[in-house]
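>>> would you be able to build a 3D model of this:
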Amino acid sequence: MDLDLAIVIPVGPNDEAWRVLLPQLAHWPVREIVVVFANEHLPGDPRPELIDARVHVAFAPRGRARQLNAGAAATSARWLWFLHADSVLTAGARNAVTRHMNGDEQALGYFDLHFLDDGPALMALNTLGAWLRSRWFGLPFGDQGFLLSRMLFERVRGFDANEVSGEDHDLVWRARAAGASIRPLRAALYTSARKYAQLGWWRTTSLHLRATAQQARAFARKAAS
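Next up is the predicted model:
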């Protein structure tokens, strides 16, 4: 029996990681998978490559919040799972998703973030930092694969398309303000660490920490207003 679940995958310009993610989902018993491209992403139509009948293509104005909202609007499943295109699933993902869907519809679920071995060795500290940020402060980010009911998503009015960055961070603050609980799925989700290798571990980590602190102050005020 298929899960009453839609998987939404936003794709940025020149991002080809979705070609690796889709085969990982080939045997998942879900109702819908929608890949949302930015309008200017591809010169051709990617649909002939998507041979799985459950996979649909959508287009939206560039911007992750707009693409995520467009993907949710293009589906009808009771539950929504927002996955970044460069996510890599683990063996425990399906059981974790099923457990969450059998629970509270007013809870936002997230995976434990791990990094692929395409970055510096110090990424182990970032893995620990993401765990502490999520567990201690209740602030998971979008690369941790948000899983929530459509009821909750609509209750918080989806992602704010006016946010140029941090739309995931903002959604968590608004969900918490609406009384939703933020729950770990207790399964790992991997993502690429290439940008840390390209820009440098310290520079990239410090930029993320600074942005997180600035966003937390702004989004906390916004959620309370």
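>>> Phe59 - that's part of a strand, no?
Yes. Assigned with DSSP: H, G, I helix; E, B strand; the rest coil, Phe59 falls within a strand.
>>> strands along this protein, start to end?
Applying DSSP state E to the chain gives strands spanning 3-11, 30-38, 55-60, 79-82, 107-115, 147-149, 181-191.
>>> what helices or strands is the third one leaning on?
The one in question is strand 55-60. strand 30-38, helix 64-73 (3 or more C-beta pairs under 8 Å, 6 or more residues apart in numbering; DSSP states H and E). (Each C-beta comes from the backbone N, C-alpha and C, glycine too.)
>>> who are the packing partners of the shortest one?
Contact analysis of strand 30-38 by 3+ C-beta pairs under 8 Å, 6+ apart lists strand 3-11, helix 18-24, strand 55-60, helix 64-73 as its packing neighbours.
>>> list the neighbouring strands of that strand plus their orientation.
strand 3-11 (parallel), strand 55-60 (parallel) (DSSP bridges).
>>> mind listing what's buried in the first one?
If I follow you right, that is strand 3-11. Judged by neighbour count (16 or more other C-beta atoms under 10 Å), strand 3-11 contains these buried residues: Leu3, Leu5, Ala6, Ile7, Val8, Ile9, Pro10, Val11.
>>> chain center to it: distance?
Relative to its chain's centre, strand 3-11 lies at 10 Å (C-alpha atoms, centre = their mean, to the nearest Å).
>>> can I get it as CSV, trimmed to CA atoms?
Provided in CSV are the C-alpha atoms of strand 3-11 (Å, rounded to 0.1, in the frame of the first residue of the first chain):
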residue,chain,number,x,y,z
LEU,A,3,2.2,6.0,1.6
ASP,A,4,-0.1,9.0,1.4
LEU,A,5,3.1,11.1,0.8
ALA,A,6,4.4,13.5,-1.8
ILE,A,7,8.1,14.1,-2.1
VAL,A,8,9.0,17.6,-3.3
ILE,A,9,12.5,18.2,-4.7
PRO,A,10,13.5,21.7,-5.7
VAL,A,11,16.3,22.1,-8.3
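>>> that strand - what's its average pLDDT?
Regarding strand 3-11, the rounded mean pLDDT is 96.
>>> contact partners of that strand?
17-18, 21-22, 25, 28-38, 41, 64, 67-68, 71-72, 75-85, 97-98, 101 (C-beta atoms under 8 Å, 6 or more residues apart in numbering).
>>> quick one: the closest residue to Gly71 other than its chain neighbours from His56, how far?
Nearest in space to Gly71, with sequence neighbours left out and distances taken as C-beta to C-beta, 6 or more residues apart in numbering, is Val8 at 3.5 Å. Separation of Val8 from His56 (C-beta to C-beta, to the nearest Å): 10 Å.
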